[in-house]
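>>> Fold the following and give me the result.
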Amino acid sequence: MTQVETATRKTTSTEQEILEYLNDLRNSGATNMFGALPYLTAEFPNETKQECKRCLMLWMNNFNEEGDYESVKS
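The predicted model follows:
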């Protein structure tokens with residue numbers, strides 16, 4: 001069986017800000033993370049709902065306690 005390598009890429013500054021916010025939101029216990037989208041759209045009104053959803057999925061696929069999001073699996 002062959003192992004598939006996962007590509008990683010550097011995050012943008014906006015993505016880093018959103019991913020760090022999501023860690024803070026999770027730590028606050030204010031919501032289950034499946035319900036985080038309304039929090040994101042309220043906190044980042046300049047981002048589209050679609051972009052917020054994409055970042056939420058990015059966070060879910062790359063979550064780590066330390067909040068190290070310099071690079072992520074794409």
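
>>> residues near residue 24, how many?
A count of nearby residues for residue 24, using other CB atoms under 10 Å, gives 12. Placement of C-beta: from N, CA and C, glycine included.

>>> Hmm, I typed the wrong one, I wanted residue 43.
Burial of residue 43 is recorded as 16 neighbouring residues (other CB under 10 Å).

>>> Distance check, the closest residue to it other than its chain neighbours against residue 47.
Counting by CB to CB, 6 or more residues apart in numbering, residue 43 lies nearest to residue 21, which is 6.0 Å off, once chain neighbours are set aside. If you measure residue 21 against residue 47 using CB to CB, to the nearest Å, the figure is 11 Å.

>>> which residue is nearest the middle of this structure?
For the chain, the residue lying nearest the average C-alpha position, counting by CA atoms, centre = their mean, turns out to be residue 59 (2.6 Å).

>>> and that one, which of the three is it?
Using DSSP: H, G, I helix; E, B strand; the rest coil, the three-state assignment for residue 59 comes out as helix.

>>> contacting residues around it?
18-19, 22-23, 33 (CB atoms under 8 Å, 6 or more residues apart in numbering).

>>> make it 10 Å
15, 18-23, 25-26, 33, 36, 40, 69, 72 (CB atoms under 10 Å, 6 or more residues apart in numbering).

>>> which residues touch residue 14?
Applying CB under 10 Å, 6+ apart, we find residue 14 in contact with 44, 46-47, 51, 55.

>>> wait, is it part of a helix?
Yes. The assignment for residue 14 (three-state DSSP) places it in a helix.

>>> ok, now how distant is it from residue 32?
To residue 32, residue 14 is 24 Å away according to CB to CB.
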